[in-house]
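> Curious how this folds, go ahead:
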Amino acid sequence: MSFSHLIAAYDLLDDPAVRGESVAAHLRGISPHAQVEVEAVTEEAGTTDFLRVVIPGTEGKRSGGSAPTLGILGRLGGLGARPEQIGFVSDGDGALSAVTIAAKLLAMAERGERLPGDVIVATHIDPDAPTQPHDPVPFMGSVVEQEVSNTHEVSAEMDAILSIDTTKGNRVLNHKGIAITPTIADGWILRVSESLLDIVSRTTGRLPAVMPITMQDITPYGNDVFHVNSIVQPCTATEAPVVGVAIVTESAVPGSATGATDLHDVDQAVRFAIETAKDFGRGIAAFHAPEELERLQALYGSMSALRTQGR
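Have a look, this model is predicted:
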């Protein structure tokens, strides 16, 4: 179980003074030799700290093995909207999930229970991000653009990516808990992965929910079209398959709302990601069928233009 790590991470991140080095120190307290990197990025709107944690696998590529590498990204604008709001905001659930996942995987490794493949966990730490208008409820903004987040979080090492994001500010998925998106690969929205649906079912004990994704959502921010949120924005920075893990609610909840984080829902996202990492590294879980993608590309051509700003 990861709940003790989740509670500790929530207490750590629900602090107006938290920074990336605070989180790094927390993770090194679990595993003294943890591979944790923190990089502060300052833009006109402020500063955020990008955090990256590598958990090496027993057969991972970093040690010369062949097991695939999974990227797990905690997406968000910020942990808080201070001084406009007091406390941890709903939007922070992505970072909370990522920090908890890193903590649990490091603790497992310290006990000798290592996964086959390397896992790279990345997110950013910002306790006072701005807000921005959005329909039907306000969004959290970010002090950095999505392109900057992708640069610091998405890596060419990642053979597949889970992107965890609070996705409560909509009326298209009226479900509480988690939902996964269809797989997105190089501009194509592919079928929902059956093996990932299996993992959702076993970690939640419920029938899986699927978050609808549109062509607009898989295009980069900044092109003046509607996006449900940034959950699948990593797909604009890689050809690797990307699946969004949405933390969702039945009603539309603003990302800037406080008191809206349900640790049981976050724990579902954490356990789903960890179980996916286990199965992906062992070749049990697949994000997509490469031959189907190749067939689509042969029939209809490349969709990679959707990863760009267009004309």
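
> roughly how far apart are Ser149 and Glu43?
11 Å (C-beta to C-beta, to the nearest Å). C-beta: built from backbone N, CA, C; applies to glycine.

> and the residue lying closest to Leu12 once chain neighbours are set aside, what does it touch?
Once flanking residues are discounted, Leu12 sits nearest to His26: 5.5 Å by C-beta to C-beta, 6 or more residues apart in numbering. Contact analysis of His26 by C-beta atoms under 8 Å, 6 or more residues apart in numbering lists Ala8, Ala9, Leu12, Val99, Ala103.

> Now do the contacts for Ser256.
Ser256 neighbours (C-beta under 8 Å, 6+ apart): Ala81, Glu84, Gln85, Val89, Ser90, Asp91, Thr131, Pro138, Phe139, Met140.

> Roughly how far does it sit from Glu84?
From Ser256 over to Glu84 (counting by C-beta to C-beta), the distance is 7 Å.

> Equivalent analysis for Ala25, please.
Shown here: Ala25 relative to Glu84, a distance of 28 Å by C-beta to C-beta.

> same thing with His26?
Counting by C-beta to C-beta - His26 and Glu84 are separated by 27 Å.

> quick one, strands of the stretch 101-250 of the chain?
Under the criterion DSSP state E, counting those that start in this stretch, the stretch 101-250 of the chain contains strands at 119-125, 131-132, 139-140, 160-166, 177-180, 184-185, 188-189, 242-248.

> Which one of those strands lies nearest to Thr204?
For the strands of the stretch 101-250 of the chain, proximity to Thr204 was assessed by C-beta to C-beta; strand 177-180 is nearest, at 6.0 Å.

> From the contact counts, what lies against the closest one?
helix 194-204, strand 242-248, helix 263-281 (3 or more C-beta pairs under 8 Å, 6 or more residues apart in numbering; DSSP states H and E).

> From the rest of the structure, what touches the first one?
Spelled out, that is helix 194-204. Against helix 194-204 from outside (C-beta under 8 Å, 6+ apart): 177-178, 180, 207-210, 243, 268, 271-272, 275-276, 279, 284-287.

> sorry, back to before: restricted to helices, list the contacts of His26.
Residues of these located in helices (DSSP state H): Ala8, Ala9, Leu12, Val99, Ala103.

> Are any of those residues buried, and if so which?
Ala8, Ala9, Leu12, Val99, Ala103 (16 or more other C-beta atoms under 10 Å).

> before we move on, the earlier item: could the contacts of His26 be laid out in JSON lines, adding distance to Thr236 and pLDDT?
Listed next are those as JSON lines, based on distance: C-beta to C-beta, whole Å; pLDDT from 0 to 100:
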{"residue": "Ala8", "distance to Thr236": "33", "pLDDT": "98"}
{"residue": "Ala9", "distance to Thr236": "28", "pLDDT": "98"}
{"residue": "Leu12", "distance to Thr236": "30", "pLDDT": "98"}
{"residue": "Val99", "distance to Thr236": "24", "pLDDT": "98"}
{"residue": "Ala103", "distance to Thr236": "29", "pLDDT": "98"}
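
> wait, which of the residues you listed is closest to Asp126?
Val99 (13.2 Å).

> how far away is the nearest residue to that closest one once chain neighbours are set aside from Lys176?
Excluding the flanking residues, the one nearest Val99 by C-beta to C-beta, 6+ apart is Ala9, at 4.4 Å. Noted for Ala9: a distance of 21 Å to Lys176, by C-beta to C-beta.

> now swap in Thr308 and tell me
Counting by C-beta to C-beta, the gap from Thr308 to Lys176 is 36 Å.

> Also Pro182?
For Pro182, the distance to Lys176 - C-beta to C-beta - is 21 Å.

> and if you look at Thr204?
Remark: distance between Thr204 and Lys176 (C-beta to C-beta) = 11 Å.

> Any regions of the stretch 151-300 of the chain where pLDDT drops low?
For the stretch 151-300 of the chain, applying pLDDT under 70 flags no range at all.

> looking at it, Ala237 is touching Thr151, isn't it?
Yes: using C-beta atoms under 8 Å as the test, Ala237 is close enough to Thr151 to be in contact (7.4 Å).

> out of the two, which sits in the more crowded spot?
Neighbours per residue, other C-beta atoms under 10 Å: of Ala237 and Thr151, the larger number sits with Ala237, 20 against 14.
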